[in-house]
Structure formats: C-alpha cells, structure tokens
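Enquirer: Whatever this is, show me its structure:
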Amino acid sequence: MFLLIKKKHLLFFLSFSTIIYFIFVYSLTEQLNKSTLKEGLYTVNGIYSSIPIIDGNQFRGYIETSDGEKLPIYYTINSLEEKQALNKINPGTICRFTGELEMPKSPTMPNAFDYKQYLYDQHIHWQYEIDEIEQCKVGKKDWLFFLLEIRKNGLSFIEKHFPNTSVGIVQALIFGERKLIDKDLDTAYQELGIVHLLAISGSHIGLLASGIYYILIYCGITHERARIILVVMLPIYMILTGATPSVVRASFMMVLYLLIKIFKKNVSSIDVISFTFLVLLFINPYYLFQVGFQLSYVVSFGLLFSIGIVEQYSSWLTKLIVVSTVAQLCAMPLLLFHFYEISLISLPMNMIFVPLYSFIILPFSILATLVVAISSSIGQPIVNLFSEMLQLTHQIVLFASSIPYTTFTTGKPALLVTMGLICSTFYLFFQFERYHSIYLLIRPAVFIIFVLFIQAVLPYLNPYGKVIIIDVGQGDSIFIQRPFNKGSYLIDTGGRISFPKEDWEESSNPYSLAEKVTVPYLKSIGITKLDALFLTHGDMDHIGEALPLMKEVKIKELIIPEGFVRGKLEDTIIQEAKKKMMKIKAVQAGERVTFQGFSFYVVSPSILTESKNDDSLVLWAELGGLKWLFTGDAEIEGEKKMIEMYPTLKADILKVGHHGSKGSTSDLLLDHINPSIALVSAGDNNRYQHPHTEVLEKLSLRKIDLFRTDLHGAILYHFKGNRGTFSTHPPYDEVY
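Expert: Model (predicted):
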C-alpha cells in the first residue's frame, strides 16, 4: 500500500507477486511434507546422512531410507567394545536397523521448545528408537558424504590435539560445532549476548574469505582466479561447517558478491542480501520460522540500512559503538520473543570481544590448527599458548556473567509490546538518520525504555494467579504464582534418578530438568526469583534439580521438613543455600509458613520415622477458591498420622502421593478429605508403572477427576479471585 501511495507501481507489482509466489511455494511444501511410514516396529536398511554423535552410552544421528525418508535415531550402547566400533562409523555407511517408530511429542510445557515442529521443518515425522544395529558396510561415496567425513576427521583431530579448555571453542570457530564447549561457559556467553561469536556468521566468513583472498594474491594468483577459487571453496566450507542458516546466508552472499565482481556488474548490497533471502525461502520456506535465520537476516538488513549512520563517523571506536548498538537494537525484539531476556552489558562485551575474536582468537585458532597438522612438535607449543590465552578470556566471561543484575528478564512479550518495540526501534533509526544528532535520540530511546518497562511491570498488573504441575517426567515440581505477582513458590524441583554407570557410559553433558524445563518456563513468564523453595524430602526425583536451580534463580527462603538431611545430596543443598545467604527453615506438622498474608499450613511430618517418604513435607493451602493438599511422597502410614492429627482435614484438590504408587492414596485418605480432582505427576511409560491400577480404580470409583502429566503434560490451574479453570498443555483445553 505504501508503494502504491508513492506511485511505485512496478515495485508494488514485484513485491506483491513475490508474496503470492512464496505463499504458493509454502502451500506446496506443506502438501508434500508427508510421511509414508507408520508407527510401531520398523526394520530398514538406512544410510547415515550425518555424523553420528556419541555421548556416554548414547548414540544418535540421522539416517535416510531408500524412499528418501529422513529419521533421527536413538540407541543405547551396551558395551565399551560396541562404543568403539560405532565410533568408526562415517557418513555414507549403510546399516540394518531394527527398532520402534514413535511420533515426536509436542511440548508439554507452555512456551517450551517445540521439538516436534523443529523436526517437521526438516521434513522429519518420526523418532526412531533403535534396538539393533547390524550388517554395517561402506556405502557408495558421493561428494557430500566425503565432505562430512572430512568434517568428522577434522573435529576428531582438534579433539585429539587441543586441551579440554580450548577444544570446544576451536571446533566452534572452525567447524561450527559447539557440543564440547563447557556448559557453564556456553551459558555465560549466552547470558552476555556474545554467543554469536561461537557461531560461524557473516563476519566470520568475511574475514576468512578476505584472508584467503589476500594470501592467493600474495602467491601471485590473479584477482579473477582468486575470486573463482573462493566461489568454489565457499560452498564446500559451508557444508564442512554444518550449513546452519547463518552460514548458508553468509556464504551465499559472499558467492554472489564474488560473481558480481567477476562479471563486473553493479549491484547494491541490499539487492544481494534480498536475493539470498528470497532464494533460501523458496528452497525451504520453513527457514522463515527458524530463530537463527531470523536473527541473521534482521541484523544483516539493519546494519546495511544503517551504513549511512555508521559512515558519518571517522573514528573506528565510534563506528564500533554504532555498529554494535545497531546490531543489539535490531536483535532485541527477536531475543526477547524467543529467549525472554537480554543482557544489559551486551554492548560493552561485544565491543571488547568482537575485535578480540575477529582479529586474535579466530586467526590464532586457525593458525594453531594448521601448524599442529603440519608438525605436532612445532604446533603443540602454539596450541598450549593459545589455550592459555583462551583460558584468560574464559575467566573474563565467567566473571562478567556472575555480576548480579546484568540480565534483564521480561518474560515472553505480548504481541502489542513486540510491535511497540519494533516501531520504537525504527523511529530511533529514522530520527538519527534524518537529523544526525545524538540529542534527538533521547525521545525514541525513552520510547524503547518505556515499552520494556511496560513488559516488565505486566506481571504486577496481572490479576490472575496460577498453579502449575510442571512436567518433569518421573518426579514432582509444582509452581505457584499469586495474583499481581505478590509471591512465587516452588514445591520440589524434580530430578532424574541415575543408576551406577561405568566411566565410558557417563555423559559429558548430562541433561538438566532445571536448565531445560523449569528455568526457561519461569523466564518465559518473567520470573527470576522465588519467595520460597519447598523441598518435601530427599529423594532424587524431588530435589535432584535443586542445585542447578539455585545457580539460575534467586531464592529468598528454603523450607524443609524436620529431619530433612539424611544423605550427601541433602547436606550439599543446605550448604549451598547457606552460601547463597538463603533463609533456611525446618518445619513440622502444626506450623504455618506465611508470606505477605498468604499461608501454607504444614500437616506432616509429625513424628519422624525411618522412611523419607512418610516423613515428606505435606502442605495445605487455599488458592483460587479451592483447598489444595500437596502430599510429596507420603505413604499410607503418613496419611494415617495426618488424619489422626487433623480430623477435619478437607481438600478439593489432591496432589496424589508418590506419583500414584499403590503404597499411597489410601481409601481412608480419599474418604476423609473428599477431593473432587486428583493430580498425578509421573513420567511417560515410567519403569514403576505409576500411577498404579489400584489407585486409578479408587479415584474412578469415587468419580474423582484425574489429571496426569504422563498423559496430559503440564497441568495448569489459572485463577482470578475465587474462580479458576484447569487446563493441560498440550493443548490448553478448558475442562473445569
């Protein structure tokens, strides 16, 4: 419409036609994105289409069937000898696989990463749980598998010759592989807004191409031939580095730029990047929904459109500040939408680390790798020197990330807030480009701050509260938020029960429910601190994530039952809580824990026993007009004691004890408290077969409505005043 007003009819026609064509391509892609396979037992001869990943006793990768169907495989390794054999498998190897095809699950928590959609966007419709891998043989080698094998050998070479402190960074900078970067360090880079330095991006490709170009010229090769060599090399390097959206975009742009120079055409950078944008979307329209693709192009377009602003200044330092600021402002709406927080020190950290990585760490990592490949004796001292230098940067990054109040968490912004942020940013750029005055940026900057302020205070204006049974698999974790954000509480953290393993079975990057489930959910709703963490008892599936949670979330008070410390884990949690200066309170039956007029009543334990389960902290509270009983893992003997001590105890909502074990939820308890709804937190297809059939029959006999995390995902009670509704995720269907 804007183009019609400006009477640019040809441009309007081209733009409109492009949109229509994209809709056609997207619709066609959707129609063709189907699977011919069926759920259940499946045996196939498949070819490895990617580099298999081995972590501890877990083996995973992607295979392709003869029908062209791509399947992610998951296999548990049974012995060290088998692990060593699987480690020799290369892309292009053909094996016979037997296993179970399963439908990928939709996310079971609000705002969680949608792995099912992620696979669908890659034209993948199943997960393949492998039972047997046999009859492996070398398949026909094509150029793609040959390049993937080079990538695998390159990663192995770096892992062999570089120490643990630097191997992950070098692999990331040269091959775009981040899996060996220390987890705490990777998190620190993300929190500081400099994680893009560990990904191969436009600046990375530009520096690398420029370096090779000038080396070729120095060696006597003509400019034309040097450009042709780079045109051939860049697609190869794109595959060697994993072909992520940012790498594809940067490589494609560089190839187009070189071709324009070769054929002596005059095309603007905006036209080049626009062309690559359209071509990539026509190849795969699902790119549009990938955060890497979005960030890559939004920042690139922003910098190109702002080139006039940057060129106003002659000082390289001022230019660096302007470029970093433009990049941060362009990325901010997307970062908040996808990750719910931004770093307040991202700008100075980028100003320091972008030049450091671009001109020192990246060239040094390439040099060290090349020299050690030529001569180990000469190269190893260079590798050691590089690792020492990198260790210093790690310390700076970890120190900066530990500084309090440097991260601004807003929660997932509402659509109007996102639009307001985008419009305010455009207004700031427009004002600066038009008037060339920093003083005139005060008003648009205030607008941006005001929009962020609105998003930050929205939880305090929200009259709704919530109780959510977090889906932590076979464990318990319950989050409670009062209306107007007057209080946030967590009852248990969940945790994965681990069994003794040999060294070769241990994962280098263990899965953390707190880091992957609980903390992202809390951040998505703007929660960065808890008024209280209640730990019911010392079982791993209830408190196993307490330590990771304490690292990520500020907790004011830790509430535990009397006799809580009965093992090493409980003692470690208490010691960590003391280091964090938390208030620690041990309670027992008859006590009340009050926060700003709201109370939890402790109904157990009373008399301590030898059973951690029976001595669970049991809480009663009134929320949203309903009476709730949170039972931890209390068993039948503990239930009897509660009833004896509280003969008038009633509850509308029962959090079923011990995940629905037949040793809990007695007829006596159900008849005494007379609940209308029961909630069970249990893992999908758990080995304990929770909830037990006996418990289900008891609930059914009394016509008590039942919600289960193993079947329904997260269970949410959303309330205002004394009225509320229950829903599950997925989907949010109102049922009560």
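
Enquirer: make it CA atoms for all contacts and neighbour counts henceforth
Expert: Noted.

Enquirer: In this structure Gly590 contacts Val602, no?
Expert: Yes. At 5.8 Å, Gly590 counts as touching Val602 under the criterion of C-alpha atoms under 8 Å.

Enquirer: who has more neighbours, the two?
Expert: Val602 (22 against 13; other C-alpha atoms under 10 Å).

Enquirer: any idea how far the more buried one is from Phe479?
Expert: Distance, Val602 to Phe479, by C-alpha to C-alpha, to the nearest Å: 17 Å.

Enquirer: what sits up against stretch 271-282?
Expert: 22, 25, 249, 252-253, 256-257, 287-288, 297, 301 (C-alpha atoms under 8 Å, 6 or more residues apart in numbering).

Enquirer: Closest to Asp67 out of those residues?
Expert: Proximity to Asp67 was ranked across the contacts of stretch 271-282 by C-alpha to C-alpha; first place goes to Val25, at 22.7 Å.

Enquirer: Grab the nearest non-local neighbour of the closest one.
Expert: Phe282 (6.5 Å; C-alpha to C-alpha, 6 or more residues apart in numbering).

Enquirer: Likewise for Gly202?
Expert: Nearest to Gly202 is Ala250, by C-alpha to C-alpha, 6+ apart, at 4.7 Å.

Enquirer: Tell me which residues touch that neighbour, please.
Expert: By C-alpha under 8 Å, 6+ apart, the neighbours of Ala250 are 201-202, 205-206.

Enquirer: Just the buried ones from the residues you listed?
Expert: Buried members of these, scored by 16 or more other C-alpha atoms under 10 Å, are 201-202, 205.

Enquirer: How is this structure divided into domains?
Expert: Following automatic domain parsing, the chain resolves into domains at 2-32, 40-140, 149-283+332-408, 421-461, 465-498+510-729.

Enquirer: Nearest to Val326 among those would be which one?
Expert: domain 421-461 (8.5 Å).

Enquirer: who's Tyr489 bridged to?
Expert: Ile480, Ala532 (DSSP bridges).

Enquirer: which ones are touching it?
Expert: Tyr489 neighbours (C-alpha under 8 Å, 6+ apart): 479-481, 530-534.

Enquirer: want to throw the residues you listed into JSON lines with neighbour count and distance to Ser358?
Expert: What follows is the contacts of Tyr489, written out as JSON lines (neighbours: other C-alpha atoms under 10 Å; distance: C-alpha to C-alpha, whole Å):
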{"residue": "Phe479", "neighbour count": "20", "distance to Ser358": "44"}
{"residue": "Ile480", "neighbour count": "19", "distance to Ser358": "46"}
{"residue": "Gln481", "neighbour count": "21", "distance to Ser358": "45"}
{"residue": "Leu530", "neighbour count": "20", "distance to Ser358": "40"}
{"residue": "Asp531", "neighbour count": "16", "distance to Ser358": "43"}
{"residue": "Ala532", "neighbour count": "22", "distance to Ser358": "44"}
{"residue": "Leu533", "neighbour count": "23", "distance to Ser358": "44"}
{"residue": "Phe534", "neighbour count": "22", "distance to Ser358": "47"}
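
Enquirer: Taking those, tell me the two that lie furthest apart.
Expert: Longest span within those, C-alpha to C-alpha: Gln481 and Phe534, 13.9 Å.

Enquirer: Stretch 621-634: end-to-end distance?
Expert: End-to-end for stretch 621-634, by C-alpha to C-alpha: 17 Å.

Enquirer: Which parts of it count as buried, going by neighbours?
Expert: Quick answer for stretch 621-634 (16+ other C-alpha under 10 Å): 622-624, 627-634.

Enquirer: Just the closest of those residues to Gly465, please.
Expert: Closest to Gly465, out of all of the buried residues of stretch 621-634 and judged by C-alpha to C-alpha, is Gly624, at 7.7 Å.

Enquirer: quick one: the closest one and Phe726 touch, right?
Expert: No. Applying C-alpha under 8 Å as the test, Gly624 and Phe726 come out as separate, 11.1 Å apart.

Enquirer: re the thing from before, quick one: classify the residue nearest to Gly202 as helix, strand or coil.
Expert: helix (DSSP: H, G, I helix; E, B strand; the rest coil).

Enquirer: swap in Cys95?
Expert: Under three-state DSSP, Cys95 comes out as strand.

Enquirer: mind checking which helix or strand Met349 is in?
Expert: helix 346-356 (DSSP states H and E).

Enquirer: got the buried residues for that helix?
Expert: Here helix 346-356 shows 346-347, 349-351, 353-354 as buried, counting by 16+ other C-alpha under 10 Å.

Enquirer: Nearest to Ile270 among those?
Expert: Distances from Ile270 to the buried residues of helix 346-356, taken by C-alpha to C-alpha, are shortest for Val354, at 23.5 Å.

Enquirer: List the contacts of that closest one.
Expert: Leu197.

Enquirer: That one and Lys105: what is the separation?
Expert: From Val354 to Lys105 the distance is 39 Å (C-alpha to C-alpha).

Enquirer: Identify all contacting residues around stretch 446-463.
Expert: With C-alpha under 8 Å, 6+ apart as the test, stretch 446-463 has contacts from 409-411, 413-414, 417, 420-421, 424-425, 483-486, 525-526, 720.

Enquirer: Now, these that are in helices?
Expert: 417, 420-421, 424-425 (DSSP state H).

Enquirer: a markdown table for the residues you listed, including distance to Ser210?
Expert: Formatted as a markdown table, the ones in helices among the contacts of stretch 446-463 follow (distance: C-alpha to C-alpha, whole Å):
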| residue | distance to Ser210 |
| --- | --- |
| Val417 | 41 |
| Gly420 | 39 |
| Leu421 | 36 |
| Ser424 | 36 |
| Thr425 | 32 |
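
Enquirer: where's Leu706, which helix or strand?
Expert: strand 705-708.

Enquirer: Could you tell me the average pLDDT over that strand, please?
Expert: What strand 705-708 shows for mean pLDDT is 96.

Enquirer: for stretch 720-736, same thing?
Expert: 74.

Enquirer: Roughly how far does Val565 sit from Ala586?
Expert: From Val565 to Ala586 the distance is 10 Å (C-alpha to C-alpha).

Enquirer: The two: which is more packed in?
Expert: Val565 (17 against 12).

Enquirer: Now do the contacts for that one.
Expert: 538, 571.

Enquirer: Same question for Ala373.
Expert: Counting by C-alpha under 8 Å, 6+ apart, Ala373 has contacts Gly379.
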